[in-house]
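S.K.: with the sequence up front, the predicted model follows.
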Amino acid sequence: MATNAEFFGHPIGLRTLFLTEMWERMSYYGMRALLVLYMTGAVTMANAGLGMSALEAQAIYGIYVGMVYFLAVPGGWLGDNLFGHQRAVLYGAVIIALGHLTLAVPIQSGLFFGLVLVAIGSGLLKSNISTIVGKLYADEDPRRDAGFTIFYMSINIGSTVGYAICGFMGEKIGWHWGFGAAGVGMILGVIQYVRTRHLLGDAGLEPNPMPAAKRQQYGRWALAIGVVSAVIVMLFGTGAIEVSASVFAENLAYALTTIAGIYFVYLYGFAGLNVAERQNVVLLFLLFIAAAAFWSGFDQSGGSLNLFARDYTDLNVLGVEMPVSWVQFFNPIYVVVFAPMFAAFWAYLGRRNLDPSLPIKFALGLLFMGLSFVVMLLAVGVALESAPIGLQWLLITYLLQTWGELTLSPIGLSAFSRYSPKRYVGQMFGLWFLASAIGGVLAGLLGGEATDGGLQSMSPIFTYMIQYYFGIAAVLAVLAYFFRTKKEASREG
Ligand code: GLN
């Protein structure tokens with residue numbers, strides 16, 4: 001380690017990663033909060049939008065969110081095998097900054113290429129930066145979990161700053177100013193990373209050791225896939241292949257689900273795992289389904305809930321009309337407030353041997369998500385009688401969603417590192433992000449359908465979602481009970 005300095009009692013390199021992730025999430029959430037508002041904004045407004053339908057705009061949003069998380073899988077592979085994680089983070093951060101700067105140019109064709117760049121850059125950054133966090137600690141270092149908790153804080157501080165600055169500039173000055181602000185944030189992140197990267201020491205500096213010939217072969221494959229993908233992207237970008245965003249999003253959802261399904265079948269049946277490892281794969285599969293379902297509601301914050309805030313909510317606070325995207329503030333603020341309480345609560349239960357099993361925690365997460373949409377259902381009812389309605393509806397919705405997030409997200413991350421078959425940990429991390437990817441695309445599709453016909457179309461879609469949240473939660477609870485009694489029976493027997 002280059003220095004003995006510490007960051008809140010943790011290796012000083014955590015500060016470098018904390019600030020990099022903070023700026024990256026500032027740019028990601030700041031821009032994302034504006035995206036659907038910009039695409040659906042009327043072309044005739046002073047701050048002219050693109051005049052798209054709520055359905056198409058959210059399909060694009062869903063594809064974008066889905067790709068950001070899906071590309072974490074190949075991004076992680078590149079970090080592991082070709083670049084090393086530290087360089088992958090640097091390349092990713094630079095590409096993200098270029099993407100936001102492309103969006104800042106006020107031309108319509110900038111949208112597609114800007115989003116593609118941000119998605120590629122995020123794919124390189126997101127998984128590799130999380131991997132370096134883990135590598136800052138020796139295997140048996142008890143500070144690791146706390147390190148991830150601090151890191152999760154940086155995500156939420158970053159998004160708060162992003163909503164505040166990009167949201168304000170984009171809505172009150174001009175959309176492209178907001179996108180530019182996201183770019184400036186990421187540039188600050190890059191400068192900070194370059195200047196303090198030495199503090200990481202050799203954590204994630206070099207890729208996995210392998211013979212040079214093999215690395216070259218990997219490199220050639222990566223290049224070939226990269227070139228083919230670039231050509232396909234160009235065909236879409238230039239309009240040579242024309243497809244509606246919602247049709248594309250639907251197919252993407254199927255494709256991602258199929259990839260995940262094949263991978264789980266492979267792990268279970270063909271990866272040479274022993275009985276205990278296969279049981280863990282079944283557990284992770286259940287968590288995967290619950291996580292994908294969870295994010296399909298959570299990621300509607302930038303889509304349907306954003307539009308609900310704009311169209312049906314009174315945003316006047318003390319006589320001043322606040323930016324629509326500021327409503328999303330509440331999720332990260334709640335995270336910062338409640339994360340320590342949740343951590344303390346689980347620890348308290350743990351000491352009394354009452355800590356709920358993983359499926360039960362995931363079921364609780366889904367229960368909170370379901371309840372948040374019950375609140376939205378009531379809000380829609382009130383708005384149907386007379387809109388705009390008070391801000392409290394969305395504030396309660398986000399509170400419930402955040403409780404769900406805190407029950408499911410940090411725990412899911414550590415479950416995927418703890419219960420993955422040892423040789424597959426890196427890829428299983430990618431699988432965790434794949435659940436976010438599927439959730440993101442579904443969020444775009446469901447949110448689009450919910451808002452397509454104004455308030456009227458919301459109730460059926462939200463009701464459907466509530467049913468599947470509660471349904472999956474119930475199945476998880478039953479399975480958890482079944483596993484537990486089976487375990488107890490075998491212990492007694
Ligand atoms: N809010 C977390 C982040 O931005 C998790 C999001 C997700 O996995 N979908 O990193």
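M.R.: Sure, I can see it.

S.K.: residues of the stretch 201-350 of the chain that sit close to the ligand?
M.R.: For the stretch 201-350 of the chain, the residues in contact with the ligand (Cβ under 6 Å from any ligand atom) are residue 295. Yep, even glycine has a C-beta here, placed from its N, CA and C like the rest.

S.K.: please apply the same query to the stretch 351-493 of the chain.
M.R.: Proximity of the stretch 351-493 of the chain to the ligand (Cβ under 6 Å from any ligand atom) is limited to residues 409, 436.

S.K.: quick one: low-confidence ranges for the stretch 351-493 of the chain?
M.R.: 425-426, 485-493 (pLDDT under 70).

S.K.: can you show me the helices along the stretch 101-250 of the chain?
M.R.: Listed in chain order, the helices of the stretch 101-250 of the chain (DSSP state H, counting those that start in this stretch) span 109-135, 144-162, 168, 175-196, 212-237, 245-265.

S.K.: any chance of those helices in TSV with mean neighbour count as columns?
M.R.: Shown next, in TSV, are the helices of the stretch 101-250 of the chain (neighbours: other Cβ atoms under 10 Å):
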stretch	mean neighbour count
helix 109-135	23
helix 144-162	20
helix 168	18
helix 175-196	22
helix 212-237	12
helix 245-265	17
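
S.K.: looking at this structure, which residue is nearest the ligand?
M.R.: As assessed by Cβ to the nearest ligand atom, the ligand sits closest to residue 436 within the chain, at 3.5 Å.

S.K.: which parts of the helix or strand residue 363 falls within are buried?
M.R.: Secondary structure assignment for residue 363, by DSSP states H and E: helix 358-385. By neighbour count with 16 or more other Cβ atoms under 10 Å, helix 358-385 contains the buried residues 358-376, 379-380, 383.

S.K.: from the middle of its chain, how far away would it be?
M.R.: Relative to its chain's centre, helix 358-385 lies at 19 Å (Cα atoms, centre = their mean, to the nearest Å).

S.K.: can you name the next helix or strand after it?
M.R.: For helix 358-385, the following helix or strand on the C-terminal side (DSSP H and E) is helix 392-418.

S.K.: buried residues in that following helix?
M.R.: 393-394, 396-413, 415-417.

S.K.: what's the helix or strand for the residue of the chain closest to the ligand?
M.R.: Following DSSP H and E, one finds residue 436 within helix 425-452.

S.K.: that helix to helix 392-418, inter-axis angle?
M.R.: Inter-element angle recorded for helix 425-452 and helix 392-418: 160 degrees (by axes from the mean of the first three to the mean of the last three Cα atoms, to 10 degrees).

S.K.: elements contacting helix 425-452?
M.R.: helix 54-70, helix 72-78, helix 109-135, helix 245-265, helix 275-298, helix 304-312, helix 392-418, helix 458-492 (3 or more Cβ pairs under 8 Å, 6 or more residues apart in numbering; DSSP states H and E).

S.K.: just put these in TSV and tack on distance to residue 325.
M.R.: Formatted as TSV, those follow (distance: least, Cβ to Cβ, whole Å):
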stretch	distance to residue 325
helix 54-70	13
helix 72-78	24
helix 109-135	17
helix 245-265	21
helix 275-298	16
helix 304-312	7
helix 392-418	12
helix 458-492	20
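
S.K.: where's the residue nearest to residue 112 when sequence neighbours are not counted relative to residue 392, distance?
M.R.: Once flanking residues are discounted, residue 112 sits nearest to residue 237: 5.0 Å by Cβ to Cβ, 6 or more residues apart in numbering. Here the criterion is Cβ to Cβ, to the nearest Å. By it, residue 237 lies 43 Å from residue 392.

S.K.: again with residue 250
M.R.: Separation of residue 250 from residue 392 (Cβ to Cβ) stands at 35 Å.

S.K.: now swap in residue 164 and tell me
M.R.: Distance, residue 164 to residue 392, using Cβ to Cβ: 21 Å.

S.K.: and if you look at residue 135?
M.R.: Residue 135 sits 44 Å away from residue 392, going by Cβ to Cβ.

S.K.: re earlier: next, the buried residues of the helix holding residue 436.
M.R.: For helix 425-452, the neighbour count (16+ other Cβ under 10 Å) marks 426-452 as buried.

S.K.: over to stretch 468-477?
M.R.: Buried residues in stretch 468-477 (16+ other Cβ under 10 Å): 469, 470, 472, 473, 475, 476, 477.
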